[in-house]
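Asks: Build me a model:
(3 chains)
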Amino acid sequence: MGLYPIFQDVHVMIFIGFGFLMTFLKKYGFSSVGINLLIAALGLQWGILLQGFWHMESNHVYNIIESMINADFSTAAVLISFGAVLGKTSPVQMLILTMFEISIFVCNEHLVVNVLKASDTGASMTIHAFGAYFGLAVARILYRPGLKNGHPKEGSVYHSDLFAMIGTLFLWLFWPSFNSAIAKSAEDQQRAIMNTYFSLAACTVTTFAFSILVEHRGKLDMVHIQNATLAGGVAVGSCADLNILPVGALLIGSTAGIISVIGYKYLSPMLAKLKIQDTCGVHNLHGLPGLLGGIASIIAAAVQVNSNISVGMQAAALGCSIAIALVGGAFTGLILSLPFLGQPPDQNCYDDSVYWEIPIEGGAPLEDNTDYEEDPNKLTVEA
Amino acid sequence: MGLYPIFQDVHVMIFIGFGFLMTFLKKYGFSSVGINLLIAALGLQWGILLQGFWHMESNHVYNIIESMINADFSTAAVLISFGAVLGKTSPVQMLILTMFEISIFVCNEHLVVNVLKASDTGASMTIHAFGAYFGLAVARILYRPGLKNGHPKEGSVYHSDLFAMIGTLFLWLFWPSFNSAIAKSAEDQQRAIMNTYFSLAACTVTTFAFSILVEHRGKLDMVHIQNATLAGGVAVGSCADLNILPVGALLIGSTAGIISVIGYKYLSPMLAKLKIQDTCGVHNLHGLPGLLGGIASIIAAAVQVNSNISVGMQAAALGCSIAIALVGGAFTGLILSLPFLGQPPDQNCYDDSVYWEIPIEGGAPLEDNTDYEEDPNKLTVEA
Amino acid sequence: MGLYPIFQDVHVMIFIGFGFLMTFLKKYGFSSVGINLLIAALGLQWGILLQGFWHMESNHVYNIIESMINADFSTAAVLISFGAVLGKTSPVQMLILTMFEISIFVCNEHLVVNVLKASDTGASMTIHAFGAYFGLAVARILYRPGLKNGHPKEGSVYHSDLFAMIGTLFLWLFWPSFNSAIAKSAEDQQRAIMNTYFSLAACTVTTFAFSILVEHRGKLDMVHIQNATLAGGVAVGSCADLNILPVGALLIGSTAGIISVIGYKYLSPMLAKLKIQDTCGVHNLHGLPGLLGGIASIIAAAVQVNSNISVGMQAAALGCSIAIALVGGAFTGLILSLPFLGQPPDQNCYDDSVYWEIPIEGGAPLEDNTDYEEDPNKLTVEA
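Replies: Next up, the predicted model:
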């Protein structure tokens, strides 16, 4: 039972966290939460199968709960990539992407953890940077010139932004579980929990401050609050179980919040000009903070907070995660651009009604939403 | 503390899971989530009281957390029945149904577990099939000819379907806890978690595939995704702690997804013609998959995966659960059809405003929702 | 790992529970859930810092998870106060309030627990009564004559009430964890869980009954269901770990539900006349039930359910919690009324658009929400 509550926290992050975070699009909520469920349900089966492959040589009796956590982890990378192409791909394309990305993910993870023996407990590099750059490479290959000037449905409405906050908050709350789930000892686990907790708290405060600073008229932007508040969890990942002291965690978290907000404000428009249309801004939430996490672990190795990690191996882990993600993503993108996979035309992007039966608002045509406004006394008054 | 996190998972399923799953109706969300809370809060007190009755002869020192889990379980059966009559009963009727159903539930459970000594760890038979057929019997007795051709408010809107997905996902996520909560040993518990996890994952993938297959124009139906994805958790219940291997769990889950989707598409309209109006389709989510779960446990006994279960006792458990549910439900339905219990007239079905103060949309009459579209510079421009 | 699942439950209450409970306002959802996140993220850092101050003299090696629970607790008091002034303060005002209130909270807690050595495991007095009366004092100082006759945006819409129920239910579900988190022994913890569970269940049933009784036309009021159902958790706090028997818990819970509903119906309008505008009715959910909790603990001491608590010390704890809250709140309110803190003018109260970029409903002007109603065959028919 030991790890089961931790597994459940991670499980909630995958299905509720990622699923609802993406419901911010006004007419793409069914796909966000529904295709997220489909990808994750397929991904975890595929992930468990592939893990079995690498574990074959080792002793067969490994913990099933640990295996389920690792399967959820591999699924997380796919869901991050999903964010980059959200609204522009068909369910069939996503299923193919899931199979390819998890296969490549498992190889990269094997390389980083078992060959390079780098430290990446909270998986800043192997999940977040990997998933983000994989998704960005796919998005680049699937570039749509027709969406260069935006799309009328690529935006939120008031209530869709509140649904997205359900996702944000469950990710925020359970991130300490995510970063500590595969820690090696109870002591490491506790340190990972504490560091992640501090990093997220600091990141949240800086995100609010910078969101006001970068916006005209000094208002808060919901996109920043939904996303950049989580960058602290991403960035502290690689160092989560290291003895970086609360001050180290606070520093990493604050920096992550700043670069994430700046990324959303200034970098995303630049990426769009480079023909990379990143729907959810995964580069700002997972890419840059993942990169920061890798760099932080290199610095941690340089100042020798822990004798088991080395500068070279951490740098190699970061480099190979990003390189494999870019190459793998580009390759997968080419496969996804095959014409018979049901990719929606530009005008049907960000629109559930292409893949889902959508309820007709108001039910029967003559029944509208104003019903409740009727005063029961009204008829008498009129009579 | 051992079982407490598991209890909390089950607790979330009862109040958030069942509560929000039923908010799919466009104008019945307050009742779905509110009356669900009322039923559950009453039901668990009544359940604990009645358990004490059966435990009286035994040693008094039993675990309170276990008792709370069992109380939540008895409440689950009532909430399943609630789904069958959702929108067509008054709160008073539901309170009476709660008292009767839990009393009958506790007797049936005592019979299955202590007399027949059948295996039903995840309660496919004693909770899911029981709750569904009890509710269907009540729905048959309370048949409303006036709703034969549907009702303008019996449907969803876009956002109500998203609220329902909150319920679906929390049920999906914590189902391994539900099916393992009363497992006898740590090993059984781990097996129940793993089998349920695999069954749900397989069920989800088949549900998406079959939802597209049965729908005209090949679109996904949100009703299937909200419900049939959970059928794998129901169906694997009776076998959850048995050594059915991952392949057995995947097989049960896939079959459950298929029969549930087919049930929603083809069987529900037939049931409606048999004068059984099943609002949430509990027959497809709990009835048929519960039946499948019982049959799977009979097969498991036949192929002797476990020496402690016998074909005869499993079959007897399934038969008596359904028989007692049908008779008990019909009896309870007759009591509920007494005229002074506030049953709403046909035109007020599926409508919160009969029992709840409903906020007037838009606030004060002259304040409408278009406020935010006003550009702050607009007045200056106009001036 | 022992306390970590309990910590996570409390953590969910703080961020999801309080955050979504306050989204009931139709146009203040971004601020409710967003500023709640900001306050909590700042508050827990400040709370951990201040705890370190009191713990300095003691042995340094204290449990970090326990410390995180205590930090969340201090944040809870601030969020309760936030409810009293919701919609009428700026984010900057709330940040200042957070710093002041937590500082005063930590002093009061030190006094109650370490000096008076009173029993307040579930913190009815030190968190709930304290937070409520602190917030009411602030609200009194910041009284707005312009809102005497209400405000068009001070109300809910159908879906905002459903979002609020997410908050209600997570608070309801995890309250046993809240009340047992700092219990001294495993036995005390189990008792606290059980007592809170019974109190909440009883409170819920009485809340529904009294909501119908006090409303004209005998309808349920969503405000009562969202709030008064939780009063049982507040009121049983001080006695949670005492041996009050299930009947004691049921009695406390039922009483709490009754006084909370009556408070919302009759007392809140009276408070408004006393120039205390309590947006969320925290007096009814936290103030009165907190007071009841303190009185219940005095009675428990009087009838000697536990030899470690004394009538005098419990009464002193209650008195000093309320007195310090009122004085501290009034003082903080005076500071918050300094003119340069961005307090919104009356007409901008309860309105997110003052502090947030708000999405324009319907996206591009010509894209409206009726899209989905278009039958794909319609064009052919028309042609």
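
Asks: For chain A, name the helix or strand with the lowest mean pLDDT.
Replies: Across the helices and strands of chain A, mean confidence by mean pLDDT, DSSP states H and E is lowest for helix A:378-382: a mean of 35.

Asks: residues in the stretch 151-300 of chain A within reach of chain C, list them.
Replies: A:152-153, A:155-162, A:165-166, A:169-170, A:172-174, A:177, A:186, A:189-190, A:193-194, A:197-198, A:200-202, A:204-205, A:208, A:215, A:219-222, A:225, A:229, A:250 (C-beta under 8 Å from any C-beta of the partner chain). For the C-beta atoms, the positions are set from N, CA and C on the backbone; glycine is no exception.

Asks: among the residues you listed, which ones are buried?
Replies: Buried members of those, scored by 16 or more other C-beta atoms under 10 Å in any protein chain shown, are A:152-153, A:155-162, A:165-166, A:169-170, A:172-174, A:177, A:189-190, A:193-194, A:197-198, A:200-202, A:204-205, A:208, A:215, A:219-222, A:225, A:229, A:250.

Asks: Distance-wise, check the residue in the stretch 201-350 of chain A that chain C sits nearest to relative to A:Ser211.
Replies: The stretch 201-350 of chain A approaches chain C most closely through A:Thr204 (3.7 Å), counting by C-beta to the nearest C-beta. Plainly put, A:Thr204 is 11 Å away from A:Ser211 if you go by C-beta to C-beta, to the nearest Å.

Asks: where's A:Thr207, which helix or strand?
Replies: If you go by DSSP states H and E, A:Thr207 is part of helix A:186-214.

Asks: does that helix come close to chain B?
Replies: No: judged by C-beta under 8 Å from any C-beta, helix A:186-214 makes no contact with chain B; its nearest approach is 15.7 Å.

Asks: Show me what that helix is packed up against.
Replies: helix A:158-180, helix A:222-227, helix A:231-235, helix A:245-262, helix C:29-55, helix C:64-85 (3 or more C-beta pairs under 8 Å, 6 or more residues apart in numbering or on different chains; DSSP states H and E).

Asks: In terms of secondary structure, what does the shortest one contact?
Replies: Packed against helix A:231-235, as judged by 3+ C-beta pairs under 8 Å, 6+ apart, are the following elements: helix A:158-180, helix A:186-214, helix A:245-262, helix A:288-302.

Asks: what about 6 Å?
Replies: Helices and strands touching helix A:231-235, as assessed by 3 or more C-beta pairs under 6 Å, 6 or more residues apart in numbering or on different chains; DSSP states H and E, comprise helix A:186-214, helix A:245-262, helix A:288-302.

Asks: Export those helices to TSV and append columns for distance to C:Phe134 and mean pLDDT.
Replies: TSV is the format used below for those (distance: least, C-beta to C-beta, whole Å; pLDDT from 0 to 100):
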stretch	distance to C:Phe134	mean pLDDT
helix A:186-214	22	96
helix A:245-262	28	96
helix A:288-302	37	97
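
Asks: hmm, back to that, least reliable of the helices and strands packed on helix A:186-214 by average pLDDT, please.
Replies: Note on the helices and strands packed on helix A:186-214: helix C:29-55 shows the lowest mean pLDDT, a mean of 91.

Asks: can you dump the C-alpha coordinates of stretch A:65-81 into CSV?
Replies: The C-alpha trace of stretch A:65-81 is given here as CSV (Å, rounded to 0.1, in the frame of the first residue of the first chain):
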residue,chain,number,x,y,z
ILE,A,65,2.2,0.1,-8.2
GLU,A,66,5.6,1.4,-9.2
SER,A,67,5.0,0.1,-12.7
MET,A,68,1.7,1.9,-12.8
ILE,A,69,3.3,5.2,-11.7
ASN,A,70,5.9,4.8,-14.5
ALA,A,71,3.1,4.1,-17.0
ASP,A,72,1.3,7.3,-15.9
PHE,A,73,4.6,9.1,-16.3
SER,A,74,5.1,8.0,-19.9
THR,A,75,1.5,9.1,-20.6
ALA,A,76,2.3,12.5,-19.1
ALA,A,77,4.9,13.2,-21.9
VAL,A,78,2.2,12.4,-24.5
LEU,A,79,-0.3,14.7,-22.9
ILE,A,80,2.2,17.5,-22.9
SER,A,81,2.8,17.0,-26.6
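
Asks: any idea how far that stretch is from the chain center?
Replies: The chain centroid and the centroid of stretch A:65-81 are separated by 11 Å under C-alpha atoms, centre = their mean, to the nearest Å.

Asks: hmm, who's touching that stretch?
Replies: A:3-4, A:7, A:10, A:14, A:18, A:39-40, A:43-44, A:47-48, A:51, A:98, A:101-102, A:105, A:127, A:130-132, A:134-135, A:181, A:282, A:286 (C-beta atoms under 6 Å, 6 or more residues apart in numbering or on different chains).

Asks: Only the buried residues of that stretch, if you could.
Replies: For stretch A:65-81, by 16+ other C-beta under 10 Å, it's A:65, A:67-81.

Asks: And for the residue in the stretch 201-350 of chain A that chain B sits nearest to, the neighbour number?
Replies: Evaluated by C-beta to the nearest C-beta, the stretch 201-350 of chain A has A:Arg217 as its residue closest to chain B, separated by 8.3 Å. Using other C-beta atoms under 10 Å in any protein chain shown, A:Arg217 has 7 other residues around it.

Asks: A:Leu245 versus that one, what's the distance?
Replies: 39 Å.

Asks: now swap in A:Gly257 and tell me
Replies: 19 Å.

Asks: Also A:His286?
Replies: 25 Å.

Asks: Neighbour count: these two, which is higher?
Replies: Taking other C-beta under 10 Å, A:His286 and A:Leu245 do not tie; A:His286 has more neighbours (34 against 14).

Asks: In this structure that one contacts A:Phe130, no?
Replies: No: if you go by C-beta atoms under 6 Å, A:His286 and A:Phe130 don't touch, sitting 8.9 Å apart.

Asks: Following the chain past the helix or strand harbouring A:His110, name the next helix or strand.
Replies: Assessed by DSSP H and E, A:His110 sits inside helix A:91-110. Next in sequence after helix A:91-110, counting helices and strands by DSSP H and E, comes helix A:130-141.

Asks: Could you list every helix and strand in contact with that next one?
Replies: Going by 3+ C-beta pairs under 6 Å, 6+ apart, helix A:130-141 lies up against helix A:64-85, helix A:311-336.

Asks: mind exporting it as CSV, just the C-alpha atoms?
Replies: The C-alpha trace of helix A:130-141 is given here as CSV (Å, rounded to 0.1, in the frame of the first residue of the first chain):
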residue,chain,number,x,y,z
PHE,A,130,11.0,15.8,-23.8
GLY,A,131,7.2,16.1,-24.1
ALA,A,132,7.3,19.8,-25.0
TYR,A,133,10.0,19.6,-27.7
PHE,A,134,8.5,16.5,-29.1
GLY,A,135,5.1,18.3,-29.4
LEU,A,136,6.7,21.4,-30.8
ALA,A,137,8.5,19.4,-33.5
VAL,A,138,5.2,17.7,-34.4
ALA,A,139,3.5,21.1,-34.5
ARG,A,140,6.2,22.5,-36.8
ILE,A,141,5.7,19.6,-39.3
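
Asks: what mean pLDDT does it have?
Replies: Here the average pLDDT along helix A:130-141 is 98.

Asks: From the chain's centroid, how far away is it?
Replies: On C-alpha atoms, centre = their mean, the centre of helix A:130-141 falls 12 Å from that of its chain.

Asks: What of stretch A:114-125?
Replies: Per C-alpha atoms, centre = their mean, the centroid offset for stretch A:114-125 relative to its chain is 18 Å.

Asks: And for that stretch, what's in contact with it?
Replies: Counting by C-beta under 6 Å, 6+ apart, residues outside stretch A:114-125 touching it are A:112, A:126, A:179, A:183, A:192, A:234, A:237-238, A:240-241, A:290, A:293-294, A:309, A:313-314, A:316-318, A:321.
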